[in-house]
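1. Need coordinates for the following:
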Amino acid sequence: MIMKVIIVAEIASNWEGSVTKAKKLIKECKKVGANAVKFQVWRAADLYNKKHPNWKEIKKSELTFEKIKLLKDFADRNNIDFFCSLFYPEAVEFLNSLNVKMYKVASRTCLLKDPYSFDTLQKVARTKKPIIISMGMGGNKNKIKKIFSQNKITFCYCISEYPTALNKIKWYEAKKYDGFSDHTLGIIAPIIFTMLKKRNNAKNIIIEKHVKLKNSKGPDASSSIDTDELKQLVYHIRNIEKMKS
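-> Numbering: from 1, shown residues only. This next block holds a predicted model:
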C-alpha cells in the first residue's frame, strides 16, 4: 500500500506584503513538488497590538480580498491547491466564493479568545468542507469536534514555539495524529513523523511546513525552510511513501 502525504507549504507572512514574492513562492513550491500552498487571512488590528515590535511587517502582510483572488487564480493556473487559515467570518465567505477545497484552523483560534474566533469556526463548519486543525496552544478538543461534526477533520500535532526545539517533540504523542504542523528548523522532524506513520500503516497524512524565499526577513522567516530545503523534504517524503511497510 502506498501512503499518500499531502505536503502543505505554509507561506504565512513570508510573502512580506509583496504579491510578486507571493507568486514566486507559489511557483517555486509547485516546482519542487508541494501539494498545496497556504496563506493566513487576518486583520492585524484584531490579533495584534499596534505597539507590537513587528507591527509594520504584520500590517504589511495583511491579505486583502483582492490579493487573495489574485493569488488563488495564480495558484490555479500553476495547478497547486490554495487554501488559508482564517481569522474572521467574512473571509470564510469570500474564500468559499473562490471554491477553495479546504480550510485551516490555527492553534490560537481553537482557544476562542481572539475577536470573532467562534463566529469564524461556525462559518467554516457550515461549508462542510475538509479542515486541518492545529491545537498547539491547547483548547477544548471535544468542543472543536462538536462544532465541526459535519466536516472531515485532520488534527495536526503542533508545538506553538517558533522555532521549536527538536527535543521538545513527544513522538509517542505525535504519531497519534494524521497531521503534523512543524515549526522546527530544517527537515528532520517531518521526515521522522512520516516514517513513524508509515510504520503504523497510515494511508493519508498531512505535513505542514513554513516556507520562505532565500534571504526572507519576514516575521515567520526564523522558523521557515527555504524552497531548496522544501525540495529536499519533498524528495525524502516521496521516497518514504513508496517504501514497503
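2. Going by C-alpha atoms from here, please, whenever you check contacts or count neighbours.
-> Fine.
3. Double-check that residue 7 belongs to a strand.
-> Yes: checked against DSSP: H, G, I helix; E, B strand; the rest coil, residue 7 lies within a strand.
4. Quickly list what it is bridged to.
-> Beta-bridge partners recorded for residue 7 (DSSP bridges): residue 207.
5. ok, now which ones touch it?
-> 34-36, 206-209, 234 (Cα atoms under 8 Å, 6 or more residues apart in numbering).
6. Repeat that for residue 138.
-> Here residue 138 is in contact with 107, 110-111 (Cα under 8 Å, 6+ apart).
7. quick one: it from residue 158, how far?
-> As judged by Cα to Cα, to the nearest Å, residue 138 and residue 158 stand 10 Å apart.
8. swap in residue 199?
-> In this structure, residue 199 and residue 158 are 20 Å apart, going by Cα to Cα.
9. Pick out whichever of these two has more residues nearby.
-> residue 158 (23 against 13; other Cα atoms under 10 Å).
10. wouldn't that one be in contact with residue 181 here?
-> Yes: with contact defined as Cα atoms under 8 Å, residue 158 and residue 181 form a contacting pair (5.2 Å).
11. Can you pull the residues that touch both of those two?
-> Contact criterion Cα under 8 Å, 6+ apart; residues shared by residue 158 and residue 181: residue 134.
12. Strands along this structure, start to end?
-> For the chain, strands defined by DSSP state E occupy the ranges 4-10, 36-41, 81-86, 103-105, 131-134, 153-158, 179-182, 204-212, 225-226.
13. Single out the most deeply packed of these.
-> Mean neighbour count (mean count of other Cα atoms under 10 Å) peaks for strand 179-182 among these, with a mean of 27.
14. hang on, the earlier thing: could you dump the strands of the chain to TSV with mean pLDDT and distance to residue 190?
-> Listed next are the strands of the chain as TSV, based on pLDDT from 0 to 100; distance: least, Cα to Cα, whole Å:
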stretch	mean pLDDT	distance to residue 190
strand 4-10	97	10
strand 36-41	96	16
strand 81-86	97	20
strand 103-105	96	18
strand 131-134	96	15
strand 153-158	96	11
strand 179-182	97	7
strand 204-212	97	7
strand 225-226	96	12
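15. Redo the ones you listed as a markdown table? Include distance to residue 122.
-> As requested, these are exported to a markdown table (distance: least, Cα to Cα, whole Å):
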| stretch | distance to residue 122 |
| --- | --- |
| strand 4-10 | 23 |
| strand 36-41 | 16 |
| strand 81-86 | 12 |
| strand 103-105 | 11 |
| strand 131-134 | 12 |
| strand 153-158 | 14 |
| strand 179-182 | 22 |
| strand 204-212 | 23 |
| strand 225-226 | 33 |
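16. and of these, who's closest to residue 240?
-> strand 4-10 (9.5 Å; Cα to Cα).
17. Tell me what angle the closest one forms with strand 36-41.
-> Here strand 4-10 runs at an angle of 40 degrees relative to strand 36-41 (axes from the mean of the first three to the mean of the last three Cα atoms, to 10 degrees).
18. Mind exporting the C-alpha coordinates of strand 4-10 to CSV?
-> Below are the C-alpha coordinates for strand 4-10, written out as CSV (Å, rounded to 0.1, in the frame of the first residue of the first chain):
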residue,chain,number,x,y,z
LYS,A,4,-0.3,9.5,0.4
VAL,A,5,1.3,12.5,2.0
ILE,A,6,-0.1,16.0,1.4
ILE,A,7,2.7,18.4,1.7
VAL,A,8,1.5,21.9,2.5
ALA,A,9,3.8,24.9,2.1
GLU,A,10,2.8,27.4,4.8
